[in-house]
Every structure is written in structure tokens, then in C-alpha cells.
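Trainee: Just a sequence and a predicted model for now, questions to come.
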Amino acid sequence: MISAVVLAACGHAASAAPKGWQPLPGASAAWANGSGRAAQEYYYRRVRFGGTLQDLASAVTINVLLHQRAARLRGSVPFAPCPGAAGVATFTLPGGQILEEGFSVSNGESVRTAYIRPAAAAADANVTAAMQSALCVAPA
């Protein structure tokens, strides 16, 4: 499993964990589900950000590709529950894993989520709900 390298020092956790997931020991705003080869992880981060959604999309892609040298970008699309307000970049990671990094910008802050799962595992609906709660924030 990769760890908080993707979302380095997490900010405060205003978002709830995916339903049924457990906190990752020693990590802030990070949760896990399953164990061994079936283990999945979810991270959340909110920080001050002065750019646009497009700026953040570029930063997310560059960050992952620099920190995970063998990662491959599969694509970046609007996040379906709140198109135009958030996006998701999907990467293939070494060891047969998928990283779905969600991102949004609102009120001078960026919100990022990272969901790491085995490539053979279907996406967890509880993670999608947690991502929607975190990313689909109406501007004030």
C-alpha cells in the first residue's frame, strides 16, 4: 500500500470517514478497510489554495507522477455527483493498485481525497459517498 505520500501532512478532517471504515493508526484524516491484498485506504485533506480547479487538477497530476514514479495516469474527469465543481484523476500504481484522487476548490481552499484500492476490486460505494460529501461543497 502507498501511504500518506500522496496527500502528505493531512489538514483538518471536516469530512467523515467512509461508512464502516477504520482510522489508519498514526495518521490524521486517513482510514482503511480490509487487510492484506484486499486492503483499501482513503485520505482527506483541506488546505488554503489560491488557484482554480484547473490549477489544482494539474498540481494533483504532477504530484502523483513525481511521488509515484511508476504511476500511470489513466484519465481525469469531472466528478459525476458535482460536475464542474470537482474532478477525479485515476492512476494505475505499481503492485496492481488504482488511485482515484478527487479534488475541488471552494472559498480559497482546496479539498483533496485519495482512494487506493486493488485494481481487481470494485469501487466502494461508501467511499463514493464520502468523496461526494467532501468534494461537492457549494461556494459561500
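Mentor: Perfect, I can see it now.
Trainee: rest of the way, CA atoms for contacts and neighbours
Mentor: Fine.
Trainee: Show me the shaky parts of the chain.
Mentor: 1-16, 138-140 (pLDDT under 70).
Trainee: mind listing the strands for it?
Mentor: Under the criterion DSSP state E, strands of the chain are mapped to 22-23, 30-33, 40-48, 72-78, 86-93, 97-106, 109-118.
Trainee: Pull up the pairing partners for the last one, direction included.
Mentor: It refers to strand 109-118. strand 40-48 (antiparallel), strand 97-106 (antiparallel) (DSSP bridges).
Trainee: how about the shortest one: buried residues?
Mentor: Right, strand 40-48. Within strand 40-48, the residues scored as buried using 16 or more other CA atoms under 10 Å are 40-46.
Trainee: Same question for stretch 59-71.
Mentor: For stretch 59-71, the buried set under the neighbour-count rule, 16+ other CA under 10 Å, comprises 60-61, 64-65, 68, 71.
Trainee: just stretch 106-126 next, same as before
Mentor: Residues of stretch 106-126 classed as buried under the neighbour-count rule (16+ other CA under 10 Å) are 106, 110-118, 123.
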